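Peer 1: can't give you the sequence, but here's the structure:
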């Protein structure tokens, strides 16, 4: 399970060997068997210094051909945001770590995994929903009244456990405070890793919609929090055709053609109306409360820019809430 000690042990390098080794396998797939045509349109728009690439997420592997081409043509490497659940297996975690996959957490992930540690099972949808509502309310500065039995097991609120590297200590608050403290500590390390990546010359690669969907979904505001904090350009990327090359779980691509359209960079200066002229901790409850409008405005701009780079079949649907998207506690298991 992803925890704070694991996050603290992650180390980044400028030219990761694992990405280069993986690139050799991808080369065989793309160049020969069965062959995949990869196009990057308007590469001249990519600034020379590290950027935050923001891409739509149509399938499991649509970042592979993009990373491969950045490496082969420009000797650029990326650190990619991934969900914390991909660090569940020790073996897979080591692989993801070597590939510079930076795991993010959410309050929902922590609720689900802490519940499993305390109770021995995954929460039901109703248990998860009422806990999430209370934890989110507390983060936003409201009362956040915790549900009691029979809505959730009473033993969930017993302190003393330490599954993530920070103990549940009753002297420091109740269950909602515990989840909030876990989230802020783990995301503080995540922000630190992103800063380290940029400082050594890595690009960041983010899927701001947060989950896979053939049609573009609205961006979450995490990308805005990071870009405004690190003051680096956001480069929107529209990925077209990858879902036909990678239709399932296999990382071996089928014959096909993938087109990545590079948009005009959104520089930090271009976001001047949304600048935050004081120190803040990205992903903290205080930042989310105080600067929500700025973060949301930048995220909406990113969605709009990506949408303009997509073929009609991948563009954001008018109804937005496309089917097939996993919601609730199932996202974390």
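Peer 2: Structure received. Given the structure is predicted, the values throughout are model-derived calculations rather than measurements. Residues are numbered from 1 along each chain as shown.
Peer 1: alpha carbons only for contacts and neighbour counts from here, please
Peer 2: Noted.
Peer 1: helix or strand with the lowest mean pLDDT in this structure?
Peer 2: Taking mean pLDDT, DSSP states H and E as the measure, helix 90-98 is the helix or strand of the chain with the lowest mean score, a mean of 93.
Peer 1: could you point out which element follows it?
Peer 2: The element immediately downstream of helix 90-98 (helix or strand, assigned by DSSP states H and E) is strand 101-104.
Peer 1: what about that following strand, distance to the chain center?
Peer 2: Computed by C-alpha atoms, centre = their mean, to the nearest Å, the chain-centroid distance of strand 101-104 equals 7 Å.
Peer 1: packing partners of it?
Peer 2: Judged by 3 or more C-alpha pairs under 8 Å, 6 or more residues apart in numbering; DSSP states H and E, strand 101-104 is in contact with strand 78-83, helix 175-199.
Peer 1: how about residues contacting it?
Peer 2: 7, 79, 80, 81, 82, 83, 84, 86, 87, 187, 190, 193 (C-alpha atoms under 8 Å, 6 or more residues apart in numbering).
Peer 1: which strands border it, and is each parallel or antiparallel?
Peer 2: Strand pairing for strand 101-104, using DSSP bridges, gives strand 78-83 (parallel).
Peer 1: most surrounded residue in the contacts of strand 101-104?
Peer 2: residue 79 (25 neighbours; other C-alpha atoms under 10 Å).
Peer 1: just to revisit the earlier point, a markdown table for the helices and strands packed on strand 101-104, including distance to residue 296?
Peer 2: Formatted as a markdown table, the helices and strands packed on strand 101-104 follow (distance: least, C-alpha to C-alpha, whole Å):
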| stretch | distance to residue 296 |
| --- | --- |
| strand 78-83 | 19 |
| helix 175-199 | 19 |
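Peer 1: hmm, back to that, farthest pair in the contacts of strand 101-104?
Peer 2: 86 and 193 (17.3 Å; C-alpha to C-alpha).
Peer 1: now the contacts of strand 101-104 in a markdown table, with distance to residue 301 and pLDDT?
Peer 2: Formatted as a markdown table, the contacts of strand 101-104 follow (distance: C-alpha to C-alpha, whole Å; pLDDT from 0 to 100):
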| residue | distance to residue 301 | pLDDT |
| --- | --- | --- |
| 7 | 30 | 97 |
| 79 | 23 | 98 |
| 80 | 21 | 98 |
| 81 | 20 | 98 |
| 82 | 22 | 97 |
| 83 | 23 | 94 |
| 84 | 26 | 93 |
| 86 | 29 | 92 |
| 87 | 31 | 93 |
| 187 | 24 | 98 |
| 190 | 24 | 98 |
| 193 | 25 | 98 |
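Peer 1: ok, residue 208 - contacts?
Peer 2: Counting by C-alpha under 8 Å, 6+ apart, residue 208 has contacts 54, 55, 56, 218, 219, 220, 221, 222, 223.
Peer 1: mind checking pLDDT for the fifth one?
Peer 2: Residue-level confidence at residue 219 comes out at 97, pLDDT.
Peer 1: wait, it sits on residue 302?
Peer 2: Yes: the pair residue 219 / residue 302 is scored as a contact, 7.0 Å apart, by C-alpha atoms under 8 Å.
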